[in-house]
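Colleague: Compute the structure for the input listed below.
(one chain, ligands or ions: 2)
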Amino acid sequence: MPILVMKFGGTSVATLDRIHRASKRVAREVANGYDVIVVVSAMSGKTNELVGWVDETSKFYDAREYDAVVSSGENVTAGLMALRLQEMDIPARSWQGWQVPLKTNSAHSSARIEEIPTDNIMAKFGQGMKVAVIAGFQGISPENRITTLGRGGSDTTAVAFAAAFGAERCDIYTDVDGVYTTDPRITSKARKLDKIAFEEMLELASLGAKVLQTRSVELAMRFKVRLRVLSSFEDNNESAGTLVCDEEDIVESKAVAGVAYSRDEAKVTLISVADRPGIAAAIFGPLAEAGVNVDMIVQNISEEGRTDMTFSLPVDQLARAEKAMNAAKEKGAINFHELVADTDVAKVSVVGIGMRSHAGVAAQMFRALSAEGINIKVITTSEIKISVLIDRKYMELAVQALHDTFELEKA
Ligand code: ASP
Ligand code: MG
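Modeller: Ligands and ions are numbered 1, 2, ... in the order given. Predicted structure coming up:
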């Protein structure tokens, strides 16, 4: 029997009624001839509640116990889903991560999957079981402790199962009906994409489009798992949702597939640092050690052996970055006149594999922003992405202008 993976996110299993509705979708795929692996999230809001309980109980908590607590939401939905399917006369049972066993490393609260043995579940399929319901987000470490895969990790569980079992497809049921050209809350012209390439999805996911956990897309790309994102609240036909697939499955691509943004950025400029070999390492080494995720970097032109260094980072890491820089200055590792922080910036990016073959995308982007009077503070580019840092108050305007100029409302 061909295998299908169906993943239901928190809103799709938020109540007993929704679990019932999800089970009917599973039943339909069983009727279509699939052996189904269902991966479930916790009921929506549950994981946040559990995290809150841990925080309230223990300020500097033991990450192993954090995982023991926050993984429990998925145990409940997995069991309930299996029960509901049994009520519908479909042979089903639940598996918690450790029972599979889904083996991970020991990085508690953001563990990486190392292995998913298939024999146990395949044997059950062989004996007539139709649906294996897997508690998402959780695994077991070499030390025999429960681990979790990071927030949003059930997506990664689903893709990993699809890869391990050679599933025909991995359907991700969520509360939106697919991946959009941009956030529909910012422009009503945002359009649902029928298909998007893995690389584009990866950029969009890491740039803040929250439909899929970034790691799940990385994994899907590596193992060429066809992913479909679709709504569990609508009646879907065969072509519903968005297929995240290999570039070759996309016949013709526009230069730009989507516009992404990230609102909570900050910009730091170190004024007048010595321009000498090793200065970048002396700055960014301590930032990395302090756990600061530096994103964009610009070194300004140098005058009389001194230069300004500018970088962007998530705004909630600013205090940590300032502390690291001041400490490095005190130790004499770096020397700057002043540290200037700008906390009112946002990043807007255009993404598309078509950029590789279309010239002039950057020029068109900058023209559209300038027509709106938006000043660009920092620019970075990759083969399939151009990002700019701008004043936060222009973020919505910039997204709308870019969506218009690249005519993303048109298929
Ligand atoms: N329940 C977990 C979370 O809220 C994992 C998931 O739903 O993907 O992050
Ligand atoms: Mg999710």
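Colleague: hmm, who's touching the helix or strand where Arg64 lies?
Modeller: Assigned by DSSP states H and E, Arg64 belongs to helix 63-70. Counting by CB atoms under 8 Å, 6 or more residues apart in numbering, helix 63-70 makes contact with 47, 50-51, 53-54, 58, 108-109, 111, 138, 145-148, all of which sit outside it. Bear in mind the C-beta positions are built from the backbone N, C-alpha and C, glycine included.
Colleague: State the pLDDT value of Tyr61.
Modeller: Predicted confidence (pLDDT) for Tyr61: 89.
Colleague: Over to Ala209?
Modeller: For Ala209, the pLDDT comes out at 68.
Colleague: cool, and Ser239?
Modeller: Note on Ser239: pLDDT of 70.
Colleague: Not counting residues beside it along the chain, what's closest to it?
Modeller: Spatial nearest neighbour of Ser239, excluding adjacent residues (CB to CB, 6 or more residues apart in numbering): Asp194 at 6.9 Å.
Colleague: Just confirm the one you found contacts Thr242, I think it does.
Modeller: Yes. Assessed by CB atoms under 8 Å, Asp194 is found in contact with Thr242 at 6.5 Å.
Colleague: Between those two, which is the more surrounded one?
Modeller: Using other CB atoms under 10 Å, the more surrounded residue of Asp194 and Thr242 is Thr242, with 22 against 14.
Colleague: any idea how far Glu234 is from that one?
Modeller: Distance, Thr242 to Glu234, using CB to CB, to the nearest Å: 13 Å.
Colleague: how close does the residue in the stretch 201-350 of the chain that ligand 2 sits nearest to sit to Leu219?
Modeller: Closest to ligand 2 within the stretch 201-350 of the chain is Gln213: 6.4 Å, counting by CB to the ion. According to CB to CB, Gln213 stands 9 Å off from Leu219.
Colleague: Show me which residues of the chain sit near ligand 2.
Modeller: Residues of the chain found near ligand 2 (CB under 5 Å from the ion) are Gly9, Gly152.
Colleague: what's the helix or strand bottoming out on mean pLDDT in the chain packed up against?
Modeller: Lowest on mean pLDDT, DSSP states H and E among the helices and strands of the chain sits helix 198-206, with a mean of 89. Contact here means 3 or more CB pairs under 8 Å, 6 or more residues apart in numbering; DSSP states H and E; on that basis helix 198-206 packs against helix 214-223, strand 242-245, strand 258-274, strand 338-351.
Colleague: Tabulate those (JSON lines), appending mean pLDDT.
Modeller: Converted to JSON lines, the helices and strands packed on helix 198-206 look like this (pLDDT from 0 to 100):
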{"stretch": "helix 214-223", "mean pLDDT": "95"}
{"stretch": "strand 242-245", "mean pLDDT": "94"}
{"stretch": "strand 258-274", "mean pLDDT": "95"}
{"stretch": "strand 338-351", "mean pLDDT": "97"}
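Colleague: Start from the N-terminal end of the stretch 1-150 of the chain and give the helices.
Modeller: Under the criterion DSSP state H, counting those that start in this stretch, helices of the stretch 1-150 of the chain are mapped to 16-31, 46-57, 63-70, 72-87, 119-126.
Colleague: Quick one: closest of those helices to Asn375.
Modeller: Judged by CB to CB, the one of these that comes nearest to Asn375 is helix 46-57, at 37.4 Å.
Colleague: which residues are in contact with the closest one?
Modeller: Contacts of helix 46-57 (CB under 8 Å, 6+ apart): 10, 41-42, 61, 65-66, 69-70, 72-73, 76, 137, 151.
Colleague: can you do 10 Å?
Modeller: Residues outside helix 46-57 that contact it (CB atoms under 10 Å, 6 or more residues apart in numbering) are 10, 13-14, 41-43, 61-63, 65-74, 76-77, 109, 137, 148, 151-154.
Colleague: Buried ones only from the residues you listed, please, as a PyMOL command.
Modeller: To isolate the buried members of the contacts of helix 46-57 in PyMOL, using 16 or more other CB atoms under 10 Å:
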select buried, resi 10+13+14+41+42+43+63+66+67+68+69+70+71+72+73+74+76+77+109+137+148+152+153+154
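Colleague: if we can go back for a sec, and which of the contacts of helix 63-70 is nearest to His358?
Modeller: His358 lies nearest to Ala111 out of the contacts of helix 63-70, by CB to CB, at 40.0 Å.
Colleague: what about the closest one, how many residues close to it?
Modeller: Ala111 has 27 neighbouring residues, counting by other CB under 10 Å.
Colleague: was I right about it contacting Gly153?
Modeller: Yes. Here Ala111 reaches Gly153: they are 8.5 Å apart, a contact under CB atoms under 10 Å.
Colleague: intersection of neighbour lists for those two?
Modeller: In terms of CB under 10 Å, 6+ apart, Ala111 and Gly153 are both contacted by the residues Phe137, Gln138, Gly139, Thr147.
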